[in-house]
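Chemist: what's the 3D shape of this:
(chains A and B)
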Amino acid sequence: MTQTLTQTDPLVIDGIPLGSRLIMGTGGAPSLDGLGAALVASGTELTTVAMRRYSAPAAGSTGGTNLFDLLIENNIRVLPNTAGCFTAREALMTAELGREALETDWVKLEVIADEHTLLPDAVELVEATEALVARGFKVFAYTNDDPVLALRLEQLGAAAVMPLGAPIGTGLGILNPHNIELIVSRASVPVILDAGIGTASDAALAMELGCDAVLLASAVTRAQDPVAMAQAFRHAVIGGRLAAQAGRIPRRTHALASSAMEGRPDL
Amino acid sequence: MSTIQLNGATHPLAEGTTLSQLVATVTGRELLPTGKPADGGRLGVAVARNSGIVPRSQWSATALELNDDIEIVTAVQGG
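Modeler: Numbers count the residues shown, from 1 in each chain, chains lettered A, B, ... in the order given. The predicted structure is shown next:
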């Protein structure tokens, strides 16, 4: 079933088809080995990384010491982020470093307001999106769950908009499903629910609300069993997508029997 | 002694060292004049010199100067 779906229902961004609608982050994993196993279990074909100072692999470590190598080995496309940037200027520089190091013009644009909330700074985000698009980047804009801002980012040329479900790392799920639905209904670029996911049902809900994909990291990497949780998300995203397309029944106030009353025996 | 700043720390500078030689030393990979690794793999690092990006193709033609501020970055775990 999974096989069939991945072949017939790709997520297309910037003309590139991705077989899985689950995009994984790599943050929060205690070891590279464990991370690799979780990524494979998730079925993801696109994974975020952060750009930081190079440090030599620990002496004596064997194979897969390098995150970039790990992704290449598993045929996973890399999406550099601008995590930790507070200004458009920092984000531009980080994006350029990511493009040069990883040879991709895709970037997950993250410009946060402060370390306490990790919420996007809308003003800096708009400025950075405009500048990055002008420099030829394909911008995946991490944004607040604000339908007005999401549309603005699309108009500025973002390749995808990524509204948050809840603040990064909280696992609170989707705090404002109505706004997410509204963003989806007006968007003509892919909408990727990013951040706040806690468990499989949150990801399924995102897809049922009409999102094109889900991006999560901590929910898997910090779960007690990351591989099992990665599998759970893999299925949740497929399930939610199918449900969204299948047309759910309307909500009713009163019960509606599914067994006919007619023809009951006289007991 | 001549020094540069490398990823925020003071680093000795031998006269005539190129950026390519510095990157090769730091990463432990032999580099071609194009800036690509001689082993045919992908290096996955980028370099900023005094807050400007130096494309890999220019590393071998870039001589380090006294007090240069060099940042060598790569992909690490992150959401």
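
Chemist: isn't there a helix covering A:Gly98?
Modeler: Yes: remark: A:Gly98 belongs to a helix, assigned using DSSP: H, G, I helix; E, B strand; the rest coil.

Chemist: so it touches A:Asp105, yeah?
Modeler: No: with contacts counted by Cβ atoms under 8 Å, A:Gly98 stays clear of A:Asp105, the gap being 9.2 Å. The C-beta positions use only the backbone N, C-alpha and C, and glycine is treated the same way.

Chemist: show me the contacts for A:Leu79.
Modeler: Taking Cβ atoms under 8 Å, 6 or more residues apart in numbering or on different chains, we find A:Leu79 in contact with A:23, A:46-49, A:104, A:106-108, A:140.

Chemist: which of the helices or strands spans A:Cys211?
Modeler: Using DSSP states H and E, A:Cys211 maps to neither a helix nor a strand.

Chemist: that should have said A:Leu70, apologies.
Modeler: Assigned by DSSP H and E, A:Leu70 falls within helix A:67-73.

Chemist: can you name the element that comes right after that helix?
Modeler: Assignment by DSSP H and E places the next element after helix A:67-73 at strand A:77-80.

Chemist: in stretch A:14-22, what's buried?
Modeler: A:18-22 (16 or more other Cβ atoms under 10 Å in any protein chain shown).

Chemist: so is it next to chain B?
Modeler: No: Stretch A:14-22 is not in contact with chain B by Cβ under 8 Å from any Cβ of the partner chain; minimum separation 13.7 Å.

Chemist: give me the neighbour count for A:Asn66.
Modeler: Using other Cβ atoms under 10 Å in any protein chain shown, A:Asn66 has 21 neighbouring residues.

Chemist: let me know whether it touches B:Gly44 as I believe.
Modeler: Yes: if you go by Cβ under 8 Å, A:Asn66 and B:Gly44 touch, sitting 6.9 Å apart.

Chemist: helix/strand/coil for the residue of the stretch 1-150 of chain A found nearest chain B?
Modeler: Using Cβ to the nearest Cβ, the point where the stretch 1-150 of chain A gets nearest to chain B is A:Ala50, with a distance of 2.6 Å. Here A:Ala50 is strand, with the state taken from three-state DSSP.

Chemist: excluding chain neighbours, what is closest to the closest residue to chain A within chain B?
Modeler: The nearest approach of chain B to chain A comes at B:Gly78, 2.6 Å away (Cβ to the nearest Cβ). Excluding the flanking residues, the one nearest B:Gly78 by Cβ to Cβ, 6 or more residues apart in numbering or on different chains is A:Ala50, at 2.6 Å.

Chemist: and what about the residue nearest the centre of chain B, helix, strand or coil?
Modeler: A centroid search over chain B (Cα atoms, centre = their mean) returns B:Val23, at 3.5 Å, as the residue closest to the centre. Judged by three-state DSSP, the three-state class of B:Val23 is helix.
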